[in-house]
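Undergrad: Output the structure for:
(2 chains)
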Amino acid sequence: TQLLEQSPQFLSIQEGENLTVYCNSSSVFSSLQWYRQEPGEGPVLLVTVVTGGEVKKLKRLTFQFGDARKDSSLHITAAQPGDTGLYLCAGAGGDMRFGAGTRLTVKP
Amino acid sequence: GAVVSQHPSWVICKSGTSVKIECRSLDFQATTMFWYRQFPKQSLMLMATSNEGSKATYEQGVEKDKFLINHASLTLSTLTVTSAHPEDSSFYICSASNGNTEAFFGQGTRLTVV
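TA: Model (predicted):
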């Protein structure tokens, strides 16, 4: 079983602030995905990182895969209320297991 | 991204009855499908993994006789909650993988057992 730990579990910030969410594991993953889920809906894939050290940017979101492919981070710049949601990381390694998620609330 | 359709979106059933939830990959062949359960304000809990044409692999603590999973084709998997009880009320989500590194999710099914 490959376990993923996400931190923080809850985060409440003001509009315009920056934040970073972390996803850590003791296992090596062939790839890691970040998803965002809104209430009552299924998770939506944001990005997949594959190469150790890889950095991907999606507008104000920056994703990084650790050099050893055991961890990843999601950084949001100038957060907006529309960024509110549950952010999940998942590692690919035979099955798709999710971290506990980070529930982000961005207050206007 | 690829499209995964889950049906129904919500269902209310009486205690003791069975409910079937369908998960279809619309534009790709899903070699593997995953079923999750999600409680309010919590993350997704993997229930089982199914590969087309073979028996599902259930996670520890998940009753395989209660949560019947069938993956009869490369585009369809079903989850049947048998003899449902109020404690089975939850949000059930499927995802499908085409064998690459990504999985795509259905919209989820909210089950309420009364």
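
Undergrad: Kindly list the single helix or strand of the chain that scores lowest on mean pLDDT.
TA: No chain specified, so I'll use chain A. Of all the helices and strands that make up chain A, the one with the lowest confidence by mean pLDDT, DSSP states H and E is strand A:96-98; it has a mean of 72.

Undergrad: To clarify, I was referring to chain B.
TA: Per-element confidence for chain B was summarised using mean pLDDT, DSSP H and E. The lowest value among helices and strands belongs to strand B:103-105, with a mean of 85.

Undergrad: ok, then the element right after that strand?
TA: Where DSSP states H and E defines the elements, the next helix or strand beyond strand B:103-105 is strand B:109-113.

Undergrad: strands paired with that following strand, and their directions?
TA: Strand B:109-113 sits in its sheet next to strand B:10-13 (parallel), strand B:90-97 (antiparallel), going by DSSP bridges.

Undergrad: Could you save the ones you listed as a markdown table and add columns showing distance to residue A:39?
TA: The way it works is simple: take the backbone N, C-alpha and C, and place the C-beta from them, glycine included. Compiled in a markdown table, the strands paired with strand B:109-113 are given as follows (distance: least, CB to CB, whole Å):
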| stretch | distance to residue A:39 |
| --- | --- |
| strand B:10-13 | 13 |
| strand B:90-97 | 10 |
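
Undergrad: so which of the ones you listed is the most packed in?
TA: Mean neighbours per residue, mean count of other CB atoms under 10 Å in any protein chain shown, is largest over the strands paired with strand B:109-113 for strand B:90-97, with a mean of 25.

Undergrad: And the contacts of it?
TA: Applying CB atoms under 8 Å, 6 or more residues apart in numbering or on different chains, the contact partners of strand B:90-97 are A:40, A:42-43, A:96, B:2, B:4, B:6, B:21, B:23, B:25, B:28, B:30-40, B:44, B:77, B:79, B:81, B:103-106, B:108-111.

Undergrad: and residue A:82, which of the three is it?
TA: Under the three-state scheme (DSSP: H, G, I helix; E, B strand; the rest coil), the conformation of residue A:82 reads as helix.
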